[in-house]
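Trainee: model the following, please.
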Amino acid sequence: MAGSEKKEVKVPRPLDAAETRLYGWVEEAVLTQPSVVESDSLPEFRRNFPLMEDSGAEGDYVLEAAGPSDRVPFRASEEGPHFLWVYQELFTRLGMRLPFSDFQRDVMTRCRVAVSQLHLNGWGFILAFEKVCLHYGFRPTIRLFFYIYDVHFPPGGYGYISFRSRQGLKLFDSYEDSIQEFKWHYFKVLAASEKCAFWLDHENKPFPWVYWNPEVKDFTVYNLEPLEMAAFKFLVSLPSGLPKRNKFTCRFILDGSDAEVGKYLGNF
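Mentor: As a prediction, the model looks like this:
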């Protein structure tokens with residue numbers, strides 16, 4: 001069609017020698033998933049789904065679509081600026097806002113797992129747990145979180161990481177039983193010119209949760225402090241008090257407004 005621009009086709013390709021050395025540990029299914037997010041869709045996405053918790057910081061960051069050869073485990077080149085891979089559905093479905101809270105960073109740092117290495121259901125558990133704790137005035141801690149959940153490694157251990165309830169414990173059902181489409185909807189977040197990215201330390205090095213890591217760690221907590229144990233006992237009692245027709249899911253917690261969720265859950 002005259003005047004139309006031909007879009008780049010993003011197709012799987014073999015890794016070159018350098019990429020094989022860096023990413024050969026990642027399962028093939030991840031390395032054959034090009035992003036379907038196009039550059040011309042990002043302005044509208046950002047108008048509808050603000051990136052930052054502080055609206056005044058929106059101009060400090062820019063979005064960039066993945067190139068045809070990019071894959072979500074790929075790091076920045078030595079010459080290029082460090083960036084953050086994120087999934088579109090983190091914002092459109094889970095209501096994520098940046099930068100990450102202390103609790104969210106603590107979970108990722110302790111597990112040494114990247115933002116984009118976490119399955120969307122894994123993020124659902126983190127965000128729903130944090131929201132419910134804050135609603136009742138409990139401080140969300142990684143010790144309390146990992147007393148309930150452990151790290152769920154995929155077969156082979158080198159794909160998307162998630163969480164699952166430890167045996168005999170249950171708080172939420174997952175956001176969705178089977179959710180896969182998010183894996184194709186990733187893009188880069190970069191700091192605007194002369195702005196400092198929140199994913200860099202004081203030496204301008206990326207934090208452990210920026211890029212995919214082959215050595216993700218589990219974290220087992222055997223004992224809680226008294227205040228944490230009180231919070232735990234209260235939190236795990238919540239599902240039994242809900243009407244049977246309602247499932248206590250991450251989707252229920254995250255899709256509702258604070259007022260709606262608060263009205264339904266009640267006060268402590």
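
Trainee: run a quick neighbour tally on the residue nearest to P214 when sequence neighbours are not counted.
Mentor: Closest residue in space to P214, ignoring its immediate chain neighbours: W25 at 4.5 Å, by C-beta to C-beta, 6 or more residues apart in numbering. (Each C-beta comes from the backbone N, C-alpha and C, glycine too.) A count of nearby residues for W25, using other C-beta atoms under 10 Å, gives 15.

Trainee: with the one 4 residues further on instead?
Mentor: Number of residues near A29 (other C-beta under 10 Å) recorded here: 11.

Trainee: got the phi and psi for it?
Mentor: Main-chain torsions, A29, degrees, to the nearest 10: phi -60, psi -30.

Trainee: pLDDT score assigned to the residue nearest to it when sequence neighbours are not counted?
Mentor: The shortest distance from A29 to any non-neighbouring residue, by C-beta to C-beta, 6+ apart, is to G159 (6.6 Å). Looking at G159, its pLDDT is 92.

Trainee: residues in contact with G159?
Mentor: 26-27, 29-30 (C-beta atoms under 8 Å, 6 or more residues apart in numbering).

Trainee: CSV please, covering the residues you listed and showing secondary structure, pLDDT and distance to V151.
Mentor: Shown next, in CSV, are those (DSSP: H, G, I helix; E, B strand; the rest coil; pLDDT from 0 to 100; distance: C-beta to C-beta, whole Å):
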residue, secondary structure, pLDDT, distance to V151
V26, coil, 94, 17
E27, coil, 91, 16
A29, helix, 88, 19
V30, helix, 92, 17
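
Trainee: tell me the one among those nearest to E203.
Mentor: E203 has its nearest neighbour among those in V26, at 26.8 Å by C-beta to C-beta.

Trainee: residues in contact with V189?
Mentor: So V189 contacts 51, 61-64, 83-86, 98 (C-beta under 8 Å, 6+ apart).

Trainee: burial count for K195?
Mentor: Counted with other C-beta under 10 Å, K195 comes out at 13.

Trainee: and the closest residue to S35 other than its chain neighbours, its phi and psi?
Mentor: Of all residues not flanking S35 in the chain, A66 sits nearest, at 3.9 Å (C-beta to C-beta, 6+ apart). Dihedral pair for A66: phi -70, psi 140, per degrees, to the nearest 10.

Trainee: shouldn't A66 be in contact with V37?
Mentor: Yes. Using C-beta atoms under 8 Å, A66 is in contact with V37, at 6.9 Å.

Trainee: which residues are in contact with both of the two?
Mentor: Counting by C-beta under 8 Å, 6+ apart, the residues touching both A66 and V37 are 186-187.

Trainee: filter the contacts of V189 down to the ones in strands?
Mentor: 61-64, 84-86 (DSSP state E).

Trainee: can you redo the residues you listed as TSV with pLDDT?
Mentor: Shown next, in TSV, are the ones in strands among the contacts of V189 (pLDDT from 0 to 100):
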residue	pLDDT
Y61	97
V62	97
L63	97
E64	97
L84	98
W85	98
V86	98
